[in-house]
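> A structural model of the following input is requested.
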Amino acid sequence: MNVMALSTAAELINAPLLYKGKVRELYDLGEHFLIVVTDRISAFDYVLEPAVPEKGNVLNTVSAFWFDQTKEWMPNHVVHTNVEELGDIVLDKEALRDRIMVTKKAERIDIECVVRGYITGNGWRQYQSSGTVNGIKLPEGLRKNAKLDKPIFTPAAKNDVGHDEDISIEQMKSAVGEELALELEAKSLQLYEFARDYCEQRGIILADCKFEFGIVDGEVILIDEIFTPDASRFWAKEKYALDIEIDSMDKEPVRAYLASTDWDKNSQPEPLPEHVVEETSRRYKEIKDRLTR
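A predicted model of the protein is given here:
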């Protein structure tokens, strides 16, 4: 591919690196944080090689779009996304254009707030084994990918290493207090319903999604990312069907390729083939165009 991918911004930022996640890097600007979204891609808790060109631009642009769409009724952490305002903190502005977000310094609430409008993925696996999802009893006889009568809130306890842990609402109340738990549930459901209806108008099904929240000056605000292909499961309406594995609008080409190999999921996989990287990059750009046009 003739477009260079960004694997890290560490040599391009004149500020302390506080945290390097699978995709995002967090830098300390003093009063604020600087988040840089790289092109790294992960699967099954491994960061894969090579990075996917323009993936980071897509994630950051889509997040900024949704934060702007919801800011009037759902406060968030965004200060600005203009790389020019960073002056000599950024050594190569073109390399980081559309990849940065300057944010408020929120105290993260260690709960991943998941909303499911359809029974699929991990929710489907839970339902198959117990008839419940995160302790929520669902009707008998549901089929894979079925739309739920109403969206359900299924939180997880955040782990910076390894998988987040599914928990019940009652466990969440014990962890963060009943008042905050109910507030997070209400905010998450409100956000999901807003985006679900928006996506519906663009021929997209929002099957499920996840949010993170933080606290600034005693106020609960949205942080991290929102309604991106990495934090949401998008289905093209024309591909929707029951009882199948729907080809979702995200890094599905990567997952499908890895599933076709003999990779043991316990060691670093071989580099991704060029055609898989190209198709994944195309998918990310397609969902951005369909959401933000």
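
> would you mind finding the longest helix in the chain?
In the chain, assigned by DSSP state H, the helix with the most residues is helix 178-200.

> quick one, phi/psi of the nearest residue to residue 4 once chain neighbours are set aside?
Distances taken as C-beta to C-beta, 6 or more residues apart in numbering put residue 53 closest to residue 4, at 6.7 Å, once the chain neighbours are dropped. Placement of C-beta: from N, CA and C, glycine included. The phi/psi pair for residue 53 (degrees, to the nearest 10) reads phi -50, psi 130.

> right, and residue 53 touches residue 41 too?
No: contact criterion C-beta atoms under 8 Å: residue 53 and residue 41 do not qualify, at 10.6 Å.

> which one of the two has more residues nearby?
residue 41 (25 against 20; other C-beta atoms under 10 Å).

> dump the residue contacts of the more buried one.
By C-beta atoms under 8 Å, 6 or more residues apart in numbering, residue 41 lies in contact with 23, 47, 48, 51, 52, 55, 251, 254, 280.

> what about 7 Å?
Residue 41 is in contact with 48, 51, 52, 55, 251, 254, 280, counting by C-beta atoms under 7 Å, 6 or more residues apart in numbering.

> and those residues, which is the shakiest by pLDDT?
Lowest pLDDT of these: residue 251, 92.

> on that earlier part again, tell me the helix or strand right after the longest helix of the chain.
Downstream of helix 178-200, the next assigned helix or strand under DSSP states H and E is strand 204-216.

> partner strands of that next one, parallel or antiparallel?
strand 107-108 (antiparallel), strand 111-118 (antiparallel), strand 219-223 (antiparallel), strand 232-236 (antiparallel) (DSSP bridges).

> looking at the ones you listed, spot the one closest to residue 168.
strand 111-118 (12.0 Å; C-beta to C-beta).

> the helix or strand following the closest one to strand 111-118, inter-axis angle?
Note on strand 111-118: by DSSP H and E, the next helix or strand toward the C-terminus is helix 121-130. Per axes from the mean of the first three to the mean of the last three C-alpha atoms, to 10 degrees, the angle that helix 121-130 makes with strand 111-118 is 80 degrees.

> can you give me the distance of residue 129 to residue 122?
11 Å (C-beta to C-beta, to the nearest Å).

> who has more neighbours out of these two?
For residue 129 versus residue 122, the count of surrounding residues by other C-beta under 10 Å is larger for residue 122: 16 against 8.

> could you measure from the more buried one over to residue 12?
Residue 122 is 36 Å from residue 12, by C-beta to C-beta.

> repeat that for residue 184.
Distance from residue 184 to residue 12, by C-beta to C-beta: 35 Å.

> could you do residue 280 as well?
From residue 280 to residue 12 the distance is 24 Å (C-beta to C-beta).

> so what's residue 62 up against?
So residue 62 contacts 227, 228, 288, 291, 292 (C-beta under 7 Å, 6+ apart).
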